[in-house]
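Q: Okay, predicted coordinates and the sequence, questions at the end:
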Amino acid sequence: AQKVTQAQTEISVVEKEDVTLDCVYETRDTTYYLFWYKQPPSGELVFLIRRNSFDEQNEISGRYSWNFQKSTSSFNFTITASQVVDSAVYFCALSENNNAGNMLTFGGGTRLMVKP
Amino acid sequence: GAGVSQSPSNKVTEKGKDVELRCDPISGHTALYWYRQSLGQGLEFLIYFQGNSAPDKSGLPSDRFSAERTGGSVSTLTIQRTQQEDSAVYLCASSSVLTSGSNEQFFGPGTRLTVL
């Protein structure tokens, strides 16, 4: 069975600090997909990134970067030079390939508060 | 273009009443998902549709919950004889052609259901 764990329930940083959100997953599939979503105070889940299990290259998009390590079953998310607008709840999610519906299994989320 | 829309945005009902929640997916998206977000349970999968059929109903918490999708578009989630534990935000998501776990899901703003 698949499982996603986000051990950090809440993180508070001061603007311009770097912050890393941890995500650890469990799956028996060899092919799977990992996602990060952002949920700002407005409530709508916003897609940030998708990664398949065969691609361990790290990715950078502006101030965001992701570190995927199969050896430790982790898919961590780093925000560089955080801004107040980054304040939100961030969810890591997993979708297994043998799961016909491709439904997402979510972690519990990490609430990030960026103070000015 | 238009995103996923849901109605109503808020619903307050009395215990024992039936409620219907509506989801309008992104035009052309064949896959549609319902999730529930509650304080105690986090984000949990309920049901998904591929076209008008629902191959996997395993996430529905009880037989009081049902869903349908017509014309490969709009979906309705119905909760009969609502209970206080049904109080949650119900999120709908859609994605394009269903390939093996590869496509991101786009979420609507959710319906906040409160059962008194």
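A: Noted; the coordinates are in hand.
Q: Now tell me what touches the helix or strand of chain B with the lowest mean pLDDT from outside.
A: Of all the helices and strands that make up chain B, strand B:53-56 has the lowest average by mean pLDDT, DSSP states H and E, namely a mean of 84. Strand B:53-56 is touched from outside by A:Ala100, A:Gly101, A:Met103, B:Ile47, B:Tyr48, B:Ala67, B:Glu68, B:Arg69, with contacts defined as Cβ atoms under 8 Å, 6 or more residues apart in numbering or on different chains. Any C-beta I mention is one placed from the backbone N, CA and C, and that applies to glycine too.
Q: my read: the fifth one touches B:Cys23, true?
A: No: with contacts counted by Cβ atoms under 8 Å, B:Tyr48 stays clear of B:Cys23, the gap being 11.7 Å.
Q: For these two, indicate the residue with more neighbours.
A: When B:Tyr48 is set against B:Cys23 and neighbours are counted by other Cβ atoms under 10 Å in any protein chain shown, the residue ahead is B:Tyr48, at 30 against 27.
Q: re the thing from before, pull out the buried residues from whichever helix or strand comes after the least confident helix or strand of chain B.
A: Toward the C-terminus, strand B:53-56 is succeeded by strand B:65-69 as the next helix or strand (DSSP states H and E). Neighbour-count burial for strand B:65-69, with 16 or more other Cβ atoms under 10 Å in any protein chain shown as criterion, is recorded at B:Phe65, B:Ala67, B:Arg69.
Q: cool, stretch A:69-84 as well?
A: For stretch A:69-84, burial by neighbour count (16+ other Cβ under 10 Å) applies to A:Ser73, A:Ser74, A:Phe75, A:Asn76, A:Phe77, A:Thr78, A:Ile79, A:Ser82.
Q: can I get the buried residues of strand B:65-69 in CSV with distance to A:Pro41 and pLDDT?
A: Rendered in CSV, the data for the buried residues of strand B:65-69 read as follows (distance: Cβ to Cβ, whole Å; pLDDT from 0 to 100):
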residue, distance to A:Pro41, pLDDT
B:Phe65, 28, 97
B:Ala67, 28, 96
B:Arg69, 30, 94
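Q: between the residues you listed, which is closest to B:Ser27?
A: Minimum separation from B:Ser27 among the buried residues of strand B:65-69 (Cβ to Cβ) is found for B:Arg69, which lies at 14.2 Å.
Q: so how far is B:Gly40 from A:Glu26?
A: Applying Cβ to Cβ, to the nearest Å, the value for A:Glu26 to B:Gly40 is 21 Å.
Q: Give me the more crowded residue out of the two.
A: Shown here are A:Glu26 and B:Gly40; by other Cβ under 10 Å, A:Glu26 has more neighbours (12 against 6).
Q: confidence score at that one?
A: In the predicted model, A:Glu26 carries a pLDDT score of 96.
Q: And the worst-scoring helix or strand of chain A on mean pLDDT, what does it pack against?
A: Sorting the helices and strands of chain A by mean pLDDT, DSSP H and E puts strand A:59-61 at the bottom, at a mean of 87. Secondary structure elements in contact with strand A:59-61, counted by 3 or more Cβ pairs under 8 Å, 6 or more residues apart in numbering or on different chains; DSSP states H and E, are strand A:46-52, strand A:64-69.
Q: Take those strands and lay them out in TSV including distance to B:Ser73 and mean pLDDT.
A: Compiled in TSV, the helices and strands packed on strand A:59-61 are given as follows (distance: least, Cβ to Cβ, whole Å; pLDDT from 0 to 100):
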stretch	distance to B:Ser73	mean pLDDT
strand A:46-52	21	92
strand A:64-69	33	94
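Q: neighbouring strands for the least confident helix or strand of chain B, and are they parallel or not?
A: According to DSSP bridges, the neighbouring strands of strand B:53-56, each with its direction, are strand B:42-50 (antiparallel).
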